[in-house]
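Colleague: Give me coordinates for this.
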Amino acid sequence: MIRSPVSIETVALTGGVCVAVLVWLRRRPASYPGDAIPPSKQLKREAKFQEKSHKVDAGWKPCVEAQSEVLPHQVSGQQVWVYSSEKSEDPVLFSPANNPNSSDHIFRQAKLKEWKGPQPDSDIPLDCLSVVRKGFSFYQMLQCDDGQWAGDYGGPHFLLPGFVIAAYITGHMDTIFPAPHCKAIQAYLLNHQQEDGGWGSHIESPSTMFGTVLNYVALRLVGVEAEEEACQKGRQFMRQHGGALYAPSWAKFWLAVLGVYEWQGIAPVPPEMWLLPQWFPLHPGRFWCHCRMVYLPMCWLYARRFTFKAAEDPIASALRSELYQEGQKYQQIEWRRYVHSVADIDNYSPIHPFMRVLQEALLLYERFGPWKWLRKISSDFALEYMQSEDLETNYLTIGPVSKALHLLASWVAAGGETDSNSAARSTAFRAHVQRVPAYLWVAEDGMKVQGYNGSMAWDTSFAMQAAVEGGLVSEFKDMSKKAWQWLVQEQVRSLPHGDWRHWRQPIQGGWGFSTAEQAWPVSDTTAEAFKAVLLLRKHACIKAEGVPMPDQHLFDTVRFLLSYQNGDGGWATYENNRGWSWYELLNPSEVFGDIMIDYSYVECSSSAMQALMLFTEQFPQHRAREIAGAIQRGARFIEAMQRSDGSWYGCWGNCFTYGCWFGIEGLLCAGRPASCRPIEACVKFLLGKQNSDGGWGEDFASCFNREYAAREKLYGCDSGSTVVQTSWALLALMAANCKDIEAVQRGIALLRRRQLSTGDWPQENVAGVFNRSIGITLPSCAFVSLIQTLSAALFEHHLQSGTLPFEMCFHYGRLDVLRQTMDLVMVANERAKG
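Modeller: Next comes the predicted model:
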């Protein structure tokens, strides 16, 4: 048979297709956060804080939150704040110019006064194991009675104003924020106002319209007069940037419900979107849970066009002129023109043209419609959805933004517009008011709203991992037993089959970032808590005296973690990814990056992989093949997420040092050798970033710009190095069998120098981040420092005795290594005692 010759065109076409397929196969995952943003869009402004400090009144004390019959579930017993006029120790002065991050002095002093046990040794530790022991001697004094560690989880500046506005509108300022609360809020707002009169979006951010407009309103509502200097400077900053007409959309929404901005200038948030078919690509059930759970109450309030009667209120009425350009009359503003307006200093994620077109179409729908019957059905569903969320989360909701909106919505739904007294008696509103204190925190900088109802599970998990790694569980037996009991009882046992009517997948077996009652477990917190539980359960004192944890509960966690792996091999945060990266074309927020879907993250993936590996060591017959396959898929995802310079971007910690730690640990957990190209490239990257004092440090601009941002001096430091970021870098280097021993020694020396005489470490710059642009305090960083210092102790022991193989340094996911490590640490402890 004669074959026809293949044409050159066919060969070229086939080759082109093959190349295209190879490029597609080697493409970055959709979760890749991107390389450095263009220089023209990078954050170059710096925050400049005032030298003067506003003192918080003495008398604030933490206490355990009380149970209540109005709530559907038992309260987890977290810390809340009460004020007493009795004399107590004055808090230290807060110096924002030196460090805008608080050191949590008030809480720590309260816990130290309660402590009845032995005090830490005042001697200077002579070796790293002694450093760790002294650190734990201090931190055990901060442990709460129920076994968890609490702390300041503040940072964002757009949270507190929402609570203040909701309390003011509902007429419950005196109930939610009595006079001492208002004074403490005033102190917080005045302490964080910057020299230019503005406020940042978070504590280390330069001034933005997002932070300034909302915090100016809050300052006025808690009793500061318009003629005072702080308000005058705030108005000057706003007017320099166009006034509140150029605030981002979330700020405009709060202004609209307060009645100091009109709904015609708000981008539509129609509730009808919830009635779209579930198969529809743009159904909100596919969005990231934090995104959809914020826009859920927004759409319900928007549909009602709820507005506070500002004209009848002296402060709100005055705000109608204070927030805008001088001489600009409120009644004459053409609101429709400012739907899309936003100041350049806030426009981190500009509204995409496609979203603008969609918003314009929705504006037409709102103008000529909507159909009343459709709006009623959709609004009723949104309200029922909110009520379901209230019950599932014990009236905490998923976070503080939605919490404040639910607080207001529950009052409106109960008829607050026409009968405020009747609304105040409704069960939902009373329950929401009762849970507000769960989000409040008092530190030396004032009263703030935290980024969550705490970070207890995260902090407790890392603390106990450190205790196990250091061989200190028996030495600190009471502390360990209490923490074990708390971790066991705070495992989520609800929604074993999910709630698919409200797009909730099964969550049984997980751990939330804070408490089980909040009912939104997270993959990385689940993994870190699981690691702590797996490590603790092998200890004799836990076996003999700890509360039992059935094996089935451990199996539930494995099921949870395996079910949360995405198709790209990585793990997301709260749910599986349900959408596509092009959803970011619809990001309506302007101020946040990558909020539309639940992406896969290197940190979440690495934690999950390490936890599953630890589990397999103890239960080799349970789903071993599935676990092995999941870990290998996770490793391929981590490799694909590595940047060309060898680093990994930290999406939940500041920033590259954090990402590199998890990236290396994840690959090692999967069996990749320390000599593999990705790990060696990361080691080279980290060594190239070490400072002359031996440490590492990054400014928050690293997160914002997606580019390593070293500084000559960082907040709370005498150099450009921080304890936390140095620890993260050391963990990565030691796990990777770094051959530059001198570099590691210099880093260890910095950690040892920075330890305070109490055994604590100082609060330095902001360590947490979310959505690329917002910094947040991580109280766990002190605990993490203990873990890092323990690694340093093991390394130093290796250097001194030559008995500890390098590759044994702190591999979470390799229990054989951990067992050998424990033996060596116990030997070192006995030598120290001798």
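Colleague: And for Gly509, the neighbour number?
Modeller: Number of residues near Gly509 (other Cβ atoms under 10 Å) recorded here: 23. (C-beta placed from N, C-alpha, C; glycine too.)
Colleague: ok, which stretches of this structure are strands?
Modeller: Remark: strands assigned in the chain by DSSP state E are 60-64, 79-83, 199-200, 207-208, 440-443, 446-449, 768-770, 774-776.
Colleague: Counting by contacts, list what the third one packs against.
Modeller: Read it as strand 199-200. strand 207-208, helix 209-221 (3 or more Cβ pairs under 8 Å, 6 or more residues apart in numbering; DSSP states H and E).
Colleague: can you rerun that using 6 Å?
Modeller: helix 209-221 (3 or more Cβ pairs under 6 Å, 6 or more residues apart in numbering; DSSP states H and E).
Colleague: just to revisit the earlier point, identify whichever of the strands of the chain lies nearest to Lys739.
Modeller: Among the strands of the chain, the nearest to Lys739 by Cβ to Cβ is strand 768-770 (31.3 Å).
Colleague: How far off centre is the closest one?
Modeller: 5 Å (Cα atoms, centre = their mean, to the nearest Å).
Colleague: Offset the numbering so it begins at 710, please.
Modeller: Sure, I'll start counting at 710 from here, so that last one is strand 1477-1479.
Colleague: what's next to that strand, contact-wise?
Modeller: Strand 1477-1479 is contacted from outside by 1363, 1412, 1484-1485, 1487, using Cβ atoms under 6 Å, 6 or more residues apart in numbering.
Colleague: If we use 7 Å, what do you get?
Modeller: 864, 1361-1364, 1412, 1484-1487 (Cβ atoms under 7 Å, 6 or more residues apart in numbering).
Colleague: Quick check: pLDDT value at the residue most central in space within the chain.
Modeller: Among the residues of the chain, the one closest to the centroid is Phe1479, at 5.7 Å (Cα atoms, centre = their mean). At Phe1479, the model reports a pLDDT of 90.
Colleague: Relative to Asn1363, how far out is it?
Modeller: 11 Å (Cβ to Cβ, to the nearest Å).
Colleague: and what of Gln1174?
Modeller: 21 Å.
Colleague: So which of those two has more stuff around it?
Modeller: Per other Cβ under 10 Å, whichever of Gln1174 and Asn1363 has more neighbours is Asn1363, with 31 against 24.
Colleague: How many residues are close by the closest residue to Trp963 other than its chain neighbours?
Modeller: Residue nearest to Trp963 in three dimensions, not counting chain neighbours: Ile874, with 5.4 Å by Cβ to Cβ, 6 or more residues apart in numbering. Residues lying near Ile874 (other Cβ under 10 Å) number 24.
Colleague: Ile874 reaches Gly968, doesn't it?
Modeller: No: using Cβ atoms under 7 Å, Ile874 is not in contact with Gly968; the gap is 10.4 Å.
Colleague: a markdown table for the contacts of strand 1477-1479, including pLDDT and distance to Arg995?
Modeller: Output for these, formatted as a markdown table (pLDDT from 0 to 100; distance: Cβ to Cβ, whole Å):
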| residue | pLDDT | distance to Arg995 |
| --- | --- | --- |
| Gly864 | 95 | 29 |
| Trp1361 | 93 | 22 |
| Gly1362 | 92 | 27 |
| Asn1363 | 93 | 29 |
| Cys1364 | 94 | 28 |
| Cys1412 | 94 | 26 |
| Gly1484 | 93 | 28 |
| Ile1485 | 93 | 26 |
| Thr1486 | 89 | 31 |
| Leu1487 | 80 | 30 |
